[in-house]
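A predicted structure for the sequence below; I have some questions about it.
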Amino acid sequence: AKTGKKYLQKTILRAQEVADYLDISIGKAYELMRTNTIKSFRVGRCLRTTKDALIDFIA
């Protein structure tokens, strides 16, 4: 993704940012985060993940 580097400069990522970085649909990003395949947490009703969790998933 063209903007992938921008997202990895942030510590906390939204599902849309994960989807953009991995070049997958937002639905698939939510599924990976909901099932904790990509370690995630909730902020209110919103799912978030960390840059480190995304890197761990990729590695």
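Okay, I see it.

which residues does the one residue sitting closest to the centre of the chain contact?
Of all residues in the chain, the one closest to the mean position by Cα atoms, centre = their mean is residue 18, 3.2 Å from it. Counting by Cβ atoms under 8 Å, 6 or more residues apart in numbering, residue 18 makes contact with 7, 29, 32, 33, 38, 49, 54. C-beta coordinates here come from the backbone N, C-alpha and C atoms, glycine included.

tell me what the helix or strand containing residue 27 is packed against?
Here residue 27, judged by DSSP states H and E, is contained in helix 26-34. Where contact means 3 or more Cβ pairs under 8 Å, 6 or more residues apart in numbering; DSSP states H and E, helix 26-34 is packed against helix 15-22, strand 46-50.

how far is the longest one from where the chain is centred?
Right, helix 15-22. Centroid separation for helix 15-22 versus its chain: 5 Å, with Cα atoms, centre = their mean, to the nearest Å.

Okay, angle between it and strand 46-50 too, please.
40 degrees (axes from the mean of the first three to the mean of the last three Cα atoms, to 10 degrees).

got the angle between helix 15-22 and helix 26-34?
Relative orientation of helix 15-22 versus helix 26-34 (the same axes, to 10 degrees): 110 degrees.

send the alpha carbons of helix 15-22 over as CSV?
Extracted as CSV, the C-alpha positions of helix 15-22 are listed here (Å, rounded to 0.1, in the frame of the first residue of the first chain):
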residue,chain,number,x,y,z
ALA,A,15,-9.1,-1.5,11.5
GLN,A,16,-9.2,0.7,8.4
GLU,A,17,-5.5,1.4,8.8
VAL,A,18,-4.8,-2.4,9.2
ALA,A,19,-6.9,-3.1,6.1
ASP,A,20,-5.1,-0.5,4.1
TYR,A,21,-1.6,-1.6,5.2
LEU,A,22,-2.3,-5.3,4.5
